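> Got a predicted structure here, sequence first:
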Amino acid sequence: MNRRVRGLIRKEILQVLRDPSSIAIAFLLPAALLLLFGYGVSMDAKDLRLGIVTEQASAEAASFAASFQHNSYFKSRLFSTRQQAQTALTAKQLDGFLVLPGDFAARLKGEQNAPIQLIVNGVDANTARLMEGYVRGTWERWLERELAARARTLSKPVAMQPRIWFNPELRSRNYLVPGLVAINMTLVGALLTALVMAREWERGTLEALMATPVTLKELLIGKILPYFLLGMGGMGISVSMAIWQFDVPLRGSPWLLLLCSALFLLVALGMGLLISVVAKSQFVAGMIAIVTTFLPAFLLSGFLFDIDSMPLPVQGITHIVAARYFIAILQSLFLAGNVWSVILPNALALCLMGLIFFGLVRKKLHKRLE
Amino acid sequence: MLQRILALIIKEFLALLRDPKSRVVTFVPPLIQLVVFGYAASYDLNHVPFALYDQDRGQVARELVAAFDGSPTLELTRVIHSEEEIAPLLDSREVILVLRIDPRFSEALLTGGSAQVQLLLDGRNSNTAQVALNYASEIVAAFNERWSREQGVSGPPAQLVMRAWFNPNLESRWFFIPGVVGVLTLVVTLVVTLVVTLVVTALSVAREREHGTFDQLLVTPLRPLEILIGKAAPAFVIGVVEASLVILIAHFWFRVPLIGELTTLYAGIVLFVLAAIGIGLMISSLAETLQQAVLGAFLFMVPAVILSGFATPIANMPEAVQLLTYGDPLRYFLILLRGVFLEGTPLELLLDQLWPLVVIALTTLVSAGWLFRHRIY
C-alpha cells in the first residue's frame, strides 16, 4: 500500500473518530437492532384470545371447553350467549370464538354430526390460519378421547406425517435472526458510505483532493477500507449474537460465512458509495438511503415473504436487492450447512452486483471539475 | 402573524419543489413502493414448487396427487423415483416440499386401513413451511372427507366449521396493504420534515451563512415558533396528500375494501402525520451533523416499523417488548387503518388509538419547539 492511500485512510479514520455517529452506526446499531428484533419479531403465536360460547351447559360441552382451557396456545374466556362473544370480537377483546349450539350434547350422543362453529377475526389472515390449525388440532385430540370412551377410533383414511428438515420445531427465530443479520448489514453498509462522498462534494474538499496526485482508484480504496473494517466489526457482533444470544445453530463453515459476509458488505458499501456519488448532496444522499435500503431489504428479500409466491414482475425487482442473495446464503449456512448449490449462484450474483456498483461509481466519478 | 407564516409556507413549498431531485425523492418512490410492496407483502403462497415421490403408483394415489397439484398454492415441478434424489432437491431449494406416497398406499386405503403419506418440508423459512403444511393438511382432510363419503363410512360425530369475519377468504394482502399505507405515510412525512427543517437547524447554519439566507431569516420579524410552523406545514400537506394517494391505490388498484367512515380515517391520518412531523422535528433539532440526522431517522424508523405489528403480531412479542410498542405511533395508526379499511370500526371504538397519537404528537411537537428555540439563537 503506498503512502497516498495510507494518508487517505488516516484522514478518513480521523473523520470517523471526530463524529462518533459512524462508530455508533457500525457497532451500536447492529447490536441494538438485533437485540430488539431477535426478541420482538416472532411468528410463533401464543396466548390467542379465544372465546367459548356454550349455549346450554352439558358434560360434553364442559369437557370440550376444558381441553382449550388447559392449552398454552389459548387464553380462553367462557360466554353463555353468542351475542356477548360477538361484541367482544368487535371490540378486539377476542381473536376468535367457538360456538357450541344448544343441542350440541344431544346431537353428539345421537351421532348426528354435532356442529361446532369457529368464528375468527380474519383481518390478520396469517394469525387466523394459525389459529384455525391450533383449534383443529385441539378439537381432533378431544374427539379422539371422546371416541375412545365409546371404544371407537377416529377414521382417517389417509394419514399425513410431516417431517420438517433443517428446523424441525419450526422455530421462527431460527430463520428470522439470520435474515435480520442481513438487513442490519444492509443498513450499516449503506449508512456508513452514503454520505462520505456527498460530504466531500458539498464542502468542496473533493476539488482539493482532485488537485493532488492521488488517483481515483486510490481515492476509492481510501474511502472503502476504513468503513469495510468498521462494517466487519458490526458483522462480527451480529453473528456472535445470533449464535450465542439467540441459539441459532451454525451448521455451515464459519470461514465461508466470513467470506460471504465480506462479499456482501462490499456490495452494501458500494451501493452506499454509488448513492453518495450520484446525489452529490448529503440531503439527497441521506434521503435516498432511507428510501432505498430498509424497506426493500425488509420486504423484497425473502426475509419474511416468499419470493416464489410474488407476481413475476415483482420477482424480477427482487433481483436487484442485494440482501436477497445474502439472506439465501445465510439461511442455508446457518440451518442447513455448506450447500454449494445455494451458496455458489448467490455468491456469484453478489459479485456481479458489486462489480456493477463499483463500475458505476468509477464511471460517475471523474477526476475533473464540471 | 398569519400572513407572515403563510409567506414562509409558500417559500418552503417553492424551495422544496423547485429542486428536481427532491421533487422526485418526495413523490415517486412512495407510489412505486406501494405497488411493488403491495404485491410482495403477503404470507399466502402461490405455485410453490413441490416434488412427488410416488412409490405406490395406484389410481387412488394419483387422485391424491391431482388434489395437490390442482390447488393454486402448489405446483408439481419434479417427479422423482428414488430416495437419493430427495436431499439435493430440498437442499438446493428447487422444491420446498416433497410428497412421498407409501408403497402400500392403495392397498391400505382400499382395505380400510390407514394409508400413509409423508410430507418433507424445507424448514429454513419456518413460516413458509408452516403455511405449506397447513395447505397440505387441508387438502388431505378434504380428500379424507370425500373418500369417507364415497365409501359410506360414517364421519366423526362432531364437525368443526370455520368462518372468518371481515376477510372471508383470509387474504393476507388485505392485512398488509393498509399496513404498507401506514409505513409509507410515516416514511414520506419523516423524509419531508427532515429535508425542510434541516436547512434551518444548527447543522447547516454554516452553509446558510455563506448563502446569506440565514442572516435574512434572523432579521425578519419571524419568531422561532412561526418559522417552525412554516417548516412543518409543507410536511403536513405532503404527508396528508400522499396518504390519500396511496389509499386511493390501495382501494381501487388492489381492491382492498374500505368499509369505514372517511372522517375516522382522516382523523387518524391527521394525528399520525402530526406525530411523525413532531418526531422528525425532534430528530433534526437534536442532530449536529447530517449524518446524525440520517442515523436518527433510521434509529426511529426501523424499530417503529418492526414493532408496530406490521408484519408480526404484537401479541407474539415478549412482555417487555410489548411495552415498548406503546410508544410507537405506527402501532396505533395500523390498528386504526386496518379497523377502518376492513372492519368498518366506528370512531367510538377507535378512541383508544387516537388519544395516544394526540399525546405523542403534542409531546414531540412541544419539545421540538423548545429545542428549536434554544438551537437557533
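Yep, it's here.
> start to end distance for stretch B:152-170?
Across stretch B:152-170, the terminal residues are separated by 32 Å (C-alpha to C-alpha, to the nearest Å).
> so how far is that stretch off the chain centroid?
Counting by C-alpha atoms, centre = their mean, to the nearest Å, stretch B:152-170 is centred 30 Å from the centre of its parent chain.
> That one near chain A at all?
Yes: applying C-beta under 8 Å from any C-beta of the partner chain, one finds stretch B:152-170 touching chain A at B:153-168, B:170. C-beta: built from backbone N, CA, C; applies to glycine.
> packing partners for the helix or strand hosting residue A:99?
With elements taken from DSSP states H and E, the one containing residue A:99 is strand A:96-100. Applying 3 or more C-beta pairs under 8 Å, 6 or more residues apart in numbering or on different chains; DSSP states H and E, one finds that strand A:96-100 contacts strand A:48-54, helix A:59-69, helix A:82-90, strand A:114-121, helix A:125-149.
> Please state the offset of it from the chain centre?
33 Å.
> Using CSV, write out the CA atom coordinates for that strand.
This file holds the C-alpha atoms of strand A:96-100, laid out as CSV (Å, rounded to 0.1, in the frame of the first residue of the first chain):
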residue,chain,number,x,y,z
GLY,A,96,-62.0,-15.6,17.7
PHE,A,97,-64.7,-17.7,19.4
LEU,A,98,-66.2,-21.2,19.2
VAL,A,99,-69.9,-21.7,19.4
LEU,A,100,-71.4,-24.9,20.8
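> ok, back up a step: tell me which of the helices and strands packed on strand A:96-100 sits most buried.
Neighbour counts (mean count of other C-beta atoms under 10 Å in any protein chain shown) averaged over each of the helices and strands packed on strand A:96-100 peak at strand A:48-54, with a mean of 22.
> helix, strand or coil for the residue nearest in space to the middle of chain A?
The residue lying closest to the centre of chain A (C-alpha atoms, centre = their mean) is residue A:303, at 4.1 Å. Put simply, residue A:303 is coil when judged by DSSP: H, G, I helix; E, B strand; the rest coil.
> Excluding sequence neighbours, find me the nearest residue to it.
Nearest residue to residue A:303, sequence neighbours excluded (C-beta to C-beta, 6 or more residues apart in numbering or on different chains): residue A:179, at 3.9 Å.
> quick one, what contacts the one you found?
A:301-304, A:327, A:330-331 (C-beta atoms under 8 Å, 6 or more residues apart in numbering or on different chains).
> so can I have a markdown table of those showing distance to residue B:355 and pLDDT?
Formatted as a markdown table, those follow (distance: C-beta to C-beta, whole Å; pLDDT from 0 to 100):
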| residue | distance to residue B:355 | pLDDT |
| --- | --- | --- |
| A:301 | 36 | 90 |
| A:302 | 39 | 86 |
| A:303 | 34 | 86 |
| A:304 | 31 | 84 |
| A:327 | 39 | 93 |
| A:330 | 42 | 93 |
| A:331 | 42 | 90 |
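> how much does the strand holding residue A:99 deviate in direction from strand A:114-121?
Relative orientation of strand A:96-100 versus strand A:114-121 (axes from the mean of the first three to the mean of the last three C-alpha atoms, to 10 degrees): 160 degrees.
> buried ones in strand A:96-100?
A:96-100 (16 or more other C-beta atoms under 10 Å in any protein chain shown).
> and which of those is nearest residue B:328?
residue A:96 (25.4 Å; C-beta to C-beta).
> Now that closest one. Nearest residue, chain neighbours left out?
Using C-beta to C-beta, 6+ apart, the closest residue to residue A:96 is residue A:120 (3.6 Å).
> tell me the pLDDT at that neighbour?
On pLDDT, residue A:120 comes in at 91.
> What residues does the stretch 251-370 of chain A have near chain B?
Checking the stretch 251-370 of chain A against chain B by C-beta under 8 Å from any C-beta, the hits are A:279, A:281-284, A:286-292, A:294-295, A:298-300, A:302, A:304-306, A:308-311, A:313-314, A:317-318, A:328, A:331-332, A:335-336, A:339, A:341-342.
> taking those residues one by one, which sit in strands?
Assigned to strands by DSSP state E, none of these qualify.
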